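[1] Sharing a model prediction with you, sequence too.
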Amino acid sequence: MSMLDDLIRNSRPVSHHKPWPRAVVDSSTWISAASRLSEGQLTMLGLWGERGAVHLALLDEQTGMVAVLSLEELQSSYPSIAQYHPPALRLERALHDLTGLVPEGLPDNRPWLDHGRWDLRFPLGECSAPASELSYAFLPTDGESLHQIPVGPVHAGVIEPGHFRFTANGETVVRLEERLGYVHKGIEALMAGADLAYGLRLAGRISGDSCVAYAYAFSRAAEAALGLEVSQRAVWLRALMAEFERLANHLGDIGAICNDAAFALMLAHCAVLREHVLRAAEAAFGHRLMRDRIVPGGVAIDLDSKGMTSLRALHVELRRKFPALVELYDNTASLQDRTVGTGTVESGLASQYGAGGYVGRAAGRSFDIRRNLAYPPYDELSFDVPLLRDGDVNARIWIRIREVEQSLLLMEQILDRLPDGPVFADVPTVNETREGVALVEGFRGDVLAWLRLTPAGMIERCHLRDPSWFQWPLLEAAIKDNIVADFPLCNKSFNCSYSGHDL
């Protein structure tokens, strides 16, 4: 029996929640779940709330079972998960900012998304008044000869805003503390009351490099709620788009990481290949980022013979050119000097935080939604999930390299086996409240979508969780005891999403 079965056995199930159970629990069961998280028996997939309720998504990695536990009819507070399980800390701080619900026992009572501009009267411990960026209390560090280096939130490059506060001894980083939330857009509030079509457009614009992953997760959650079956051709086309997105982002990241180590040649070659991937995507699916191409009910565009030809030509090109770039990286000693042993994530931390994608797999956490919780068509495809244990910048590059190779393998299988048939099914109407949850593997890791629909088919509540929530804190740990000059290299090797995190 799964640990989750034991937790929800005597709880009130929500019958309209698909495909995994949601159960309304009492405080003792909630705390028991937190205790099992702290002992490593369960993995946290998400934590979010609404007025009067909080929801905790959990995974039993031994059995592959997923469940959502809920505390409902809350007046003002609930027992903090973070007091037992540190990865919940930022999620609970954000949840407080958005709902006003106070996590009792929260170890850190500072606001997270609210930068003192919302003028909300949500007291959280001692933080009852809005806190400006200037008054935000960064954590103190004691010791001799320490100095602080503030970086951001506005950066010299064309990147999103985030503040990084370094405490250093000479050039060695003693502590890094992040301050995020600058690109909070109120996505969840915009979702409320929207129809599925508008919700999909919002989902696909949460993080610009993950248009496919978010639309994929949102659509699967909506289909689970509605009991909607998607045609086989649409299912396989979705996977093809997902692998294309993975290819484009991994190629871009490999080049950009090497560029931050002053090896611009790799950036140039990878940028050319990435551009070819994006052009092939436009030729095949009508949009470089394949935005709004995955929709509830299937896909919005079919793959014709011209698009098929473009994709096969790209596949041949990447098979021919990418191995030479791998050899170039592997045989450049000065580059290895910068990446090997730099920015190491310990395997225990990766497991504790449930870190997905290349961050987790480079540090020994062998987890990939496509395999561990296989959804169609991945349950019919052959591929490997690369795994390393060094946890450094070099390992994160090699995971990306191996995933490029696996995506090419998957792309070939999908093109060879793509079934015929329609690509879209009409979305049915229902006369009751429905809920659905979905997990898909984006290029950064697992993306979670939870959705509640009204009897009229409108979105009552939607929560989308980016893998970066569980990766940003690990960047703070990875940079400790490295030199300040290696932070851009470490940061790029993580490539966490600001926008996907801040919503």
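    That came through fine.

[2] Surely Ile369 is in contact with Tyr375?
    Yes. If you go by Cβ atoms under 8 Å, Ile369 and Tyr375 touch, sitting 7.3 Å apart. C-beta coordinates here come from the backbone N, C-alpha and C atoms, glycine included.

[3] more neighbours, the two?
    Ile369 (21 against 18; other Cβ atoms under 10 Å).

[4] list residues touching both of Ile369 and Tyr375?
    Leu439, Val440 (Cβ atoms under 8 Å, 6 or more residues apart in numbering).

[5] Alpha carbons of stretch 413-422, as CSV, please.
    C-alpha atoms of stretch 413-422 as CSV (Å, rounded to 0.1, in the frame of the first residue of the first chain):
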residue,chain,number,x,y,z
GLN,A,413,10.4,7.2,-33.3
ILE,A,414,7.5,9.7,-33.3
LEU,A,415,7.9,10.6,-37.0
ASP,A,416,8.2,7.0,-38.0
ARG,A,417,5.1,5.9,-36.0
LEU,A,418,2.9,8.9,-36.2
PRO,A,419,-0.7,7.6,-36.5
ASP,A,420,-3.3,8.9,-38.9
GLY,A,421,-6.6,10.5,-37.8
PRO,A,422,-8.1,13.7,-36.5
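
[6] quick one: average confidence on it?
    What stretch 413-422 shows for mean pLDDT is 97.

[7] Please enumerate residues in contact with that stretch?
    Residues outside stretch 413-422 that contact it (Cβ under 8 Å, 6+ apart) are 231-234, 236-237, 239-240, 243, 298, 303, 308, 311-312, 315, 377, 381-382.

[8] Could you pull out the helices in the stretch 101-250 of the chain for me?
    Taking DSSP state H, counting those that start in this stretch, the helices of the stretch 101-250 of the chain run over residues 187-191, 196-203, 211-226, 232-260.

[9] mind giving me JSON lines with those and columns for mean neighbour count, mean pLDDT and distance to Leu106?
    JSON lines is the format used below for those (neighbours: other Cβ atoms under 10 Å; pLDDT from 0 to 100; distance: least, Cβ to Cβ, whole Å):
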{"stretch": "helix 187-191", "mean neighbour count": "17", "mean pLDDT": "95", "distance to Leu106": "21"}
{"stretch": "helix 196-203", "mean neighbour count": "20", "mean pLDDT": "97", "distance to Leu106": "29"}
{"stretch": "helix 211-226", "mean neighbour count": "27", "mean pLDDT": "98", "distance to Leu106": "28"}
{"stretch": "helix 232-260", "mean neighbour count": "24", "mean pLDDT": "98", "distance to Leu106": "34"}
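
[10] How about Trp48, nearest residue that isn't a chain neighbour?
    By the measure of Cβ to Cβ, 6 or more residues apart in numbering, the closest residue to Trp48 outside its immediate chain neighbours is His463, 4.3 Å from it.

[11] ugh, wrong one, Gly442
    With Cβ to Cβ, 6+ apart as the criterion, Gly442 has its nearest non-adjacent residue at 3.2 Å, and that residue is Ala213.

[12] and what of Arg291?
    Distance criterion Cβ to Cβ, 6+ apart; nearest residue to Arg291, sequence neighbours excluded, is Cys211 at 4.3 Å.

[13] got the contact list for the one you found?
    By Cβ under 8 Å, 6+ apart, the residues touching Cys211 are Gly204, Arg205, Glu245, Leu289, Met290, Arg291, Asp292.

[14] Apply 7 Å and report the result again.
    Contacts for Cys211 (Cβ atoms under 7 Å, 6 or more residues apart in numbering) come out as Gly204, Leu289, Met290, Arg291.

[15] The last one against Ile206, yeah?
    No. In terms of Cβ atoms under 7 Å, Arg291 does not count as a neighbour of Ile206; the distance is 11.2 Å.

[16] ranges for the helices of the stretch 251-400 of the chain?
    In the stretch 251-400 of the chain, the segments counted as helices under DSSP H, counting those that start in this stretch are 264-285, 305-330, 333-339, 347-352, 357-361, 369-372, 393-417.

[17] Contacts for the fifth one, please.
    Counting by Cβ under 7 Å, 6+ apart, the neighbours of helix 357-361 from elsewhere in the structure are 345, 350, 367, 385-387, 396, 399-400, 443-445, 467, 471, 474, 494.

[18] change it to 6 Å
    With contact meaning Cβ atoms under 6 Å, 6 or more residues apart in numbering, helix 357-361 is reached by Ala350, Leu387, Arg396, Ile399, Arg400, Arg444, Gly445, Pro467, Gln471.

[19] Kindly report the same for the fourth one.
    Contact with helix 347-352 is made by Gly360, Ala363, Gly364, Arg365, Leu474, Ala477, as judged by Cβ under 6 Å, 6+ apart.

[20] Check the third one too.
    Outside of helix 333-339, the residues within contact range by Cβ under 6 Å, 6+ apart are Ala261, Phe263, Val393, Asn394.

[21] For that helix, buried residues please.
    Across helix 333-339, burial judged by 16 or more other Cβ atoms under 10 Å covers Leu335, Arg338, Thr339.

[22] now swap in the second one and tell me
    For helix 305-330, the buried set under the neighbour-count rule, 16+ other Cβ under 10 Å, comprises Gly307, Ser310, Leu311, Leu314, His315, Leu318, Phe322, Leu325, Val326, Tyr329.

[23] That one to helix 264-285, inter-axis angle?
    Orientation check (axes from the mean of the first three to the mean of the last three Cα atoms, to 10 degrees): helix 305-330 against helix 264-285 gives 160 degrees.

[24] Now Asp420, what are its backbone angles?
    phi -80, psi 170 (degrees, to the nearest 10).

[25] tell me which element Gly44 is part of?
    Quick fix: residue 44 is Met, not Gly. strand 43-50 (DSSP states H and E).

[26] Check which strands are paired with that strand and give the direction for each one.
    Within its sheet, strand 43-50 is paired with strand 53-60 (antiparallel), according to DSSP bridges.

[27] C-terminal to the partner strand, what's the next element?
    Note on strand 53-60: by DSSP H and E, the next helix or strand toward the C-terminus is strand 65-71.

[28] Which neighbouring elements make contact with that following strand?
    Packing partners of strand 65-71 (3 or more Cβ pairs under 6 Å, 6 or more residues apart in numbering; DSSP states H and E): helix 3-8, strand 22-24, strand 53-60.

[29] Could I get the average pLDDT for it?
    So the average pLDDT for strand 65-71 ends up being 96.

[30] what's the spacing between the helix or strand bottoming out on mean pLDDT in the chain and its chain's center?
    Here the helix or strand of the chain ranked lowest by mean pLDDT, DSSP states H and E is helix 3-8, holding a mean of 88. Between the centre of helix 3-8 and the centre of its chain there are 25 Å (Cα atoms, centre = their mean, to the nearest Å).

[31] Give me the helices and strands touching it, please.
    If contacts are counted by 3+ Cβ pairs under 6 Å, 6+ apart, helix 3-8 sits against helix 27-38, strand 65-71.

[32] Could you please name the strands the next helix or strand after it pairs with and the direction of each pair?
    Counting by DSSP H and E, the element after helix 3-8 in chain order, helix or strand, is strand 12-13. Neighbouring strands of strand 12-13 in its sheet, by DSSP bridges, are strand 22-24 (antiparallel).
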